[in-house]
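Asks: Would you be able to build a 3D model of this:
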Amino acid sequence: MKSEMFKVNEVSLHYKLKHDTTEYPIIKNSKTAADIFYESWDKDTIGLEEQLKVLYLNRRNQVIGLYTVCIGGVTGTVVCNKKILACGLKIVASGMIIAHNHPSGNKQLSEQDRIITKSLKECGKIMDIQLLDHIIVLPNGNFVSFADNAEL
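Replies: Prediction:
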């Protein structure tokens, strides 16, 4: 019989590779990332609710994972740096690109968007996962990139 001291939960880490690494898309620019994000969105809801997604990259800028962090309401969603970084650490990502949609189609970067980007960039530095871009995806497939606008 185990003593009270040894009643602890077990933690395990695993990452299941489903594709050959030669098949991973390589992010060469913001358009490539925006296209991948847009394809991942449900076109029936992209104009109705905000979502936050992350592409995780290896050192070669190949996409090693896509994670939907959260689904919010019409005007916002919750950003949880802990969840974003925990997933990145779990798959040993070297870089990440975040994206969220603006259901209204507004191309303007908000002050809240800038705060989120700055916060995640700083957290990523500590964990050695570089934030490469923050992309705003619009319902019509257009996008705005923080990196392209020198906002990163």
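
Asks: From here on, just use CA atoms for contacts and neighbour counts.
Replies: Noted.

Asks: just the strands in this structure please.
Replies: With DSSP state E as the definition, the chain shows strands at residue ranges 51-57, 63-71, 95-101, 130-137, 143-145.

Asks: Between these, which one is closest to residue 15.
Replies: Closest to residue 15 of the strands of the chain is strand 63-71 (Cα to Cα; 10.2 Å).

Asks: Direction included, what does that closest one pair up with?
Replies: Paired strands of strand 63-71, with direction, are strand 51-57 (antiparallel) (DSSP bridges).

Asks: any idea of the mean pLDDT in the strand it pairs with?
Replies: Confidence over strand 51-57 (mean pLDDT, whole number) is 96.

Asks: How about residues contacting that strand?
Replies: Identification of contacts with strand 51-57 by Cα atoms under 8 Å, 6 or more residues apart in numbering yields 37, 63-72, 77, 79, 84, 88, 93-101.

Asks: what angle separates that strand from strand 95-101?
Replies: Interaxial angle of strand 51-57 relative to strand 95-101 (axes from the mean of the first three to the mean of the last three Cα atoms, to 10 degrees): 160 degrees.
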